[in-house]
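Colleague: could you look at this predicted model? Sequence included:
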Amino acid sequence: SQKIEQNSEALNIQEGKTATLTCNYTNYSPAYLQWYRQDPGRGPVFLLLIRENEKEKRKERLKVTFDTTLKQSLFHITASQPADSATYLCALDTPRYGNNRLAFGKGNQVVVIP
Amino acid sequence: DGGITQSPKYLFRKEGQNVTLSCEQNLNHDAMYWYRQDPGQGLRLIYYSQIVNDFQKGDIAEGYSVSREKKESFPLTVTSAQKNPTAFYLCASTWRSAGGANVLTFGAGSRLTVL
């Protein structure tokens, strides 16, 4: 089965710097790789997705890259703010295999220090 | 506003009792999901339903049951057979076209504690 790895250690970063998170997977590449944000005691919220044939996607201060050769996605938050402090989850989505389920990583916590 | 409503937000249960968590969506989404989240763990899929009157087991279905009698509703029952039910439960839904991305909308979650 697909194994998804996100760094279990929290990322502490100074306000204004760029936070970079990694999502690695082991088996087949998904058709889409998604990123969600989760605040404590709340449900995850979808941020953005990248398709397997895309290298990079941007949305405001967020940037996602996808390297199917390395089986890795990087998630960047530029000009980080304390309000960006949360846990970020990556999820693999492979609808073409008839799989209607996302596979989620455990998440990586980001703490932005003022 | 469209969204997913989960209730109750917090629930306490004595061992041996069944409890039902409610999930209602007004997004007109076809598919609905139940996940369980434990500290330090990722989201684990309990059950999902792609259409009314049909549902499939996820990775950790033992000790849980669901029904999908209406498109809007997907309640989850945590039975006494679930050995370690204390967790944060998340309901989600999605609409997607064939071959399209499966973007989930989540509810706010229900925290179940077994006393």
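Modeller: Alright, I've got the coordinates. Just so we're clear, the structure is a prediction, and the values are computed from it rather than from any experiment. Numbers count the residues shown, from 1 in each chain, chains lettered A, B, ... in the order given.

Colleague: who's in contact with the closest residue to chain A within chain B?
Modeller: Residue of chain B nearest chain A, by Cβ to the nearest Cβ: residue B:106 (3.2 Å). From N, CA and C alone the C-beta is placed, and that goes for glycine too. Residues in contact with residue B:106 (Cβ atoms under 8 Å, 6 or more residues apart in numbering or on different chains) are A:43, A:44, A:45, B:4, B:90, B:91, B:92.

Colleague: am I right that the first one sits in a helix?
Modeller: No. Secondary structure of residue A:43, determined by DSSP: H, G, I helix; E, B strand; the rest coil: coil, with no helix assignment.

Colleague: count the neighbours of it for me.
Modeller: Residues near residue A:43, counting by other Cβ atoms under 10 Å in any protein chain shown, number 22.

Colleague: ok, what's across the strand from the closest residue to it other than its chain neighbours?
Modeller: Leaving aside its sequence neighbours, residue A:43 sits nearest to residue B:106 (Cβ to Cβ, 6 or more residues apart in numbering or on different chains; 3.2 Å). Going by DSSP bridges, residue B:106 is paired in beta bridges with residue B:92.

Colleague: now residue B:34
Modeller: Each beta-bridge partner of residue B:34 is listed here, defined by DSSP bridges: residue B:47, residue B:91.

Colleague: test my guess that residue A:16 contacts residue A:77.
Modeller: No. Residue A:16 is beyond contact range of residue A:77, at 11.0 Å (criterion: Cβ atoms under 8 Å).

Colleague: of the two, give the one with the bigger neighbour count.
Modeller: Shown here are residue A:16 and residue A:77; by other Cβ under 10 Å, residue A:77 has more neighbours (24 against 11).

Colleague: contacting residues for the more buried one?
Modeller: By Cβ under 8 Å, 6+ apart, residue A:77 lies in contact with A:18, A:19, A:61, A:62, A:84, A:110.

Colleague: enumerate the residues of chain B near chain A.
Modeller: Counting by Cβ under 8 Å from any Cβ of the partner chain, chain B comes close to chain A at B:4, B:31, B:33, B:35, B:40-43, B:45, B:48, B:50, B:58, B:88, B:90, B:92, B:96, B:98-109, B:111.

Colleague: just the buried members of those?
Modeller: Neighbour counting with 16 or more other Cβ atoms under 10 Å in any protein chain shown marks B:4, B:31, B:33, B:35, B:42-43, B:45, B:48, B:58, B:88, B:90, B:92, B:96, B:101-107, B:109 as buried within the residues of chain B next to chain A.

Colleague: what is the most widely separated pair among the contacts of residue B:106?
Modeller: Within these, A:45 and B:91 form the most distant pair, 14.1 Å apart (Cβ to Cβ).
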